[in-house]
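1. Predicted model follows, preceded by the sequence.
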Amino acid sequence: MTSATFRAPLLLGPLAAGLVACAVDAAPERAAQPIYGGVDDTTHLNVVGITIVGGRGLATCTGSLLAPTLVLTARHCVSPVVGEGIVCSNATIGGVARTTTLTEAPYPASSFYVTTEPVIGPGGRSVRAMEVITPPGSLGVAFCGRDIALLRLSAPITAVAPIRPRLDLAPERNEVFTASGYGSTSGAGTGSGTRRMRSGLNVEFVGRAVTRGFTLLEEREWLADTGTCRGDSGGPALDRFGEVFGLLSRGAANSCDSPIYTRVDQYADWIRAQAARVAALDRYAAPAWVTPPAARGGEVGDGCAADTQCNSEYVCRVTGDARECTTTDCEACPEGWVCATDMSRCVHDPRLRPPPADASAPPDAASEDATADTATDAARPTVTTMPATGCGVAAGRAHEGRGWALALAALVALSARRRRVRG
C-alpha cells in the first residue's frame, strides 16, 4: 500500500505514554470514551481464548482457529515486550527519549492454553500448546508490523469449524468488518474473559503512516475506528464472508478506540507454509486455502478469490453478495453496473436483478478441513484457569464517520498492548 506522511498538528508534549499492544493512547483533547454493553458472541465459536501462564503472572489473549491444531494470534501474546508502550520508531515525547520497540523470544509453548468455550474461567476445558511459531527473521527487530504468531496445539480441536484466513486480498479503506474477542468492555479494563463481538466497524487507513518523523503505522498494518479493548489482542477482524483479514495488535490505552491490526495478507506465504507443515505433522488434510488460487484472466463479473484471477485491467472486489472481477475506473462501468458509493469500483446496479451466487466464494470451512484420526476432541485435557485481564470487544456506539486523518492525528508514536494481564 502507499506510504503516507501526515502533517496534521499533534499535541505531543503532554503525552508520555501511547500505543499499547492492543491499545493506543489518544491525544489529550480526546477524553476516554469507553464502550459498554458488549454483545456475547455465540456465532464465532472458532474465535478462541488464550490463557498465558508465567512471565508476569496470568494473562489472556484471543486467537483464531485456522486448523484443528493451529491458532493465529498476536506476537506480543506469545513473547515479552519491554515497557508499557509500543514505539514504532525512535522518538522524543514530552522531553522523554523513546526507542523503537523490538521483538523478543517467545515464552515456552507450555505457557499457553487454548479454549473454545465462551467464558475463560475455572474448570474450563482447554488444550495446551506444543509449539510457538513466529515468522523467520522476526527476532530482535522492530515490533510494529510484525505482531503475528501461530500456536500449534498438543491435541486437535474438532468440535468447531476453523476460520478461513483471507490471504490474497488486502484490506480496503471503508471496508466493514466484525471484531470478536475475550477482552474487556471498557477502557478501564472491566468485563473481560467472555467472548464478545461487534459488527459494523470500519477500516479507516491501510499502510504506512508517518507524521513529524513519528511512525504511526507500518506497511503491514491498518487502522480501524473503534470497538476493541484490553484482552482482545490477537483477535480477528472478520470480513463479510467470515474470513480473518486482520489480527488485533494495539490501540488507545485508556479507551477502546483506534485499534491497529496486523495485515494477514502480508504473511500469506508464511501462514500457508506453516499450515501445511503442521497438518503433515499432526496427520490431517491441509486446509484447501493452503494452495494459492490459480491465476487466470477473469473478465468483469467473473467470480474470483484474488486479483491474480482477474484480467490485468481488473481487480477482485466485493460487488454484491460475492467477490467478482471489476474495474476501478467508474467511467468504464459496463452495462448493468454502476459506480460504488465510495467511488472505488464498479458494482452491480441495485435496480436490476441481483447476480447469481458466486461459485468461487469461500467454501464452508467445515466441508474442506478434514480432521485427524489420531486424537479426538474428547481427548483434550482439562485445565483450571483464572479470569484475567486483556483487550475485549465492546458494542454500543455506532461508527461516527470521523475521517482517517482525524483518527491518525489522535495517535502518538507510542501504543499500548491489548493483552490483559493479572499479576
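-> Cool, got the structure.

2. If you count neighbours, what's buried in stretch 271-283?
-> In terms of neighbour count (16 or more other CB atoms under 10 Å), stretch 271-283 has its buried residues at 271-272, 274-275, 278-279, 282. Just so you know, the C-beta spots here come from the backbone N, C-alpha and C atoms, and that holds for glycine as well.

3. May I have that stretch as PDB, with CA atoms only?
-> In PDB, the C-alpha atoms belonging to stretch 271-283 read as follows (Å, rounded to 0.1, in the frame of the first residue of the first chain):
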ATOM      1  CA  ILE A 271       0.800 -18.900   7.100                       C
ATOM      2  CA  ARG A 272       0.400 -21.300   4.100                       C
ATOM      3  CA  ALA A 273       3.700 -23.000   4.700                       C
ATOM      4  CA  GLN A 274       3.200 -23.400   8.400                       C
ATOM      5  CA  ALA A 275      -0.400 -24.700   8.000                       C
ATOM      6  CA  ALA A 276       0.900 -27.300   5.500                       C
ATOM      7  CA  ARG A 277       3.700 -28.300   7.800                       C
ATOM      8  CA  VAL A 278       1.600 -28.600  10.900                       C
ATOM      9  CA  ALA A 279      -1.100 -30.600   9.100                       C
ATOM     10  CA  ALA A 280       1.500 -33.100   7.900                       C
ATOM     11  CA  LEU A 281       3.000 -33.400  11.400                       C
ATOM     12  CA  ASP A 282      -0.400 -33.900  13.000                       C
ATOM     13  CA  ARG A 283      -1.700 -36.200  10.300                       C
END
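
4. I would like the residues contacting that stretch, please.
-> Residues from elsewhere that reach stretch 271-283 (CB atoms under 8 Å, 6 or more residues apart in numbering): 66-70, 72, 133, 150, 152, 156, 165, 167, 264, 285-287, 289-292, 372-374.

5. Which parts of the protein belong to which domain?
-> In the assignment given by automatic domain parsing, the structural domains of the chain cover 4-269+379-422, 292-363.

6. could I get the ones you listed as a markdown table with mean neighbour count and mean pLDDT?
-> Listed next are the domains of the chain as a markdown table, based on neighbours: other CB atoms under 10 Å; pLDDT from 0 to 100:
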| stretch | mean neighbour count | mean pLDDT |
| --- | --- | --- |
| domain 4-269+379-422 | 22 | 75 |
| domain 292-363 | 16 | 86 |
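
7. Restricted to helices, list the contacts of stretch 271-283.
-> For the contacts of stretch 271-283, not one is inside helices, with DSSP state H as the criterion.

8. Point out the ones among those residues that are inside strands.
-> Judged by DSSP state E, the subset of these located in strands is 66-67, 70, 72, 133, 150, 152.

9. Mind picking the two most distant members of those residues?
-> Using CB to CB, the two most remote members of those are A67 and I133, lying 12.3 Å apart.

10. can you pull the contacts of the residue nearest to C333 when sequence neighbours are not counted?
-> Of all residues not flanking C333 in the chain, C346 sits nearest, at 3.9 Å (CB to CB, 6 or more residues apart in numbering). C346 is in contact with 300, 319, 326-330, 332-334, 337-340, counting by CB under 8 Å, 6+ apart.

11. Who does C346 form a beta bridge with?
-> Counting by DSSP bridges, C346 forms beta bridges with C339.

12. So it versus T116, what's the distance?
-> 40 Å (CB to CB, to the nearest Å).

13. Partner strands of the helix or strand containing I50, with direction?
-> When elements are assigned from DSSP states H and E, I50 belongs to strand 47-54. Partners of strand 47-54 in the sheet, by DSSP bridges, are strand 57-67 (antiparallel), strand 112-115 (antiparallel).

14. ok so, going back, reformat the contacts of C346 as JSON lines; add secondary structure and distance to V206.
-> Output for the contacts of C346, formatted as JSON lines (DSSP: H, G, I helix; E, B strand; the rest coil; distance: CB to CB, whole Å):
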{"residue": "V300", "secondary structure": "coil", "distance to V206": "24"}
{"residue": "T319", "secondary structure": "coil", "distance to V206": "20"}
{"residue": "T326", "secondary structure": "strand", "distance to V206": "19"}
{"residue": "T327", "secondary structure": "coil", "distance to V206": "20"}
{"residue": "T328", "secondary structure": "coil", "distance to V206": "15"}
{"residue": "D329", "secondary structure": "coil", "distance to V206": "21"}
{"residue": "C330", "secondary structure": "helix", "distance to V206": "20"}
{"residue": "A332", "secondary structure": "helix", "distance to V206": "24"}
{"residue": "C333", "secondary structure": "coil", "distance to V206": "24"}
{"residue": "P334", "secondary structure": "coil", "distance to V206": "27"}
{"residue": "W337", "secondary structure": "strand", "distance to V206": "25"}
{"residue": "V338", "secondary structure": "strand", "distance to V206": "25"}
{"residue": "C339", "secondary structure": "strand", "distance to V206": "21"}
{"residue": "A340", "secondary structure": "coil", "distance to V206": "17"}
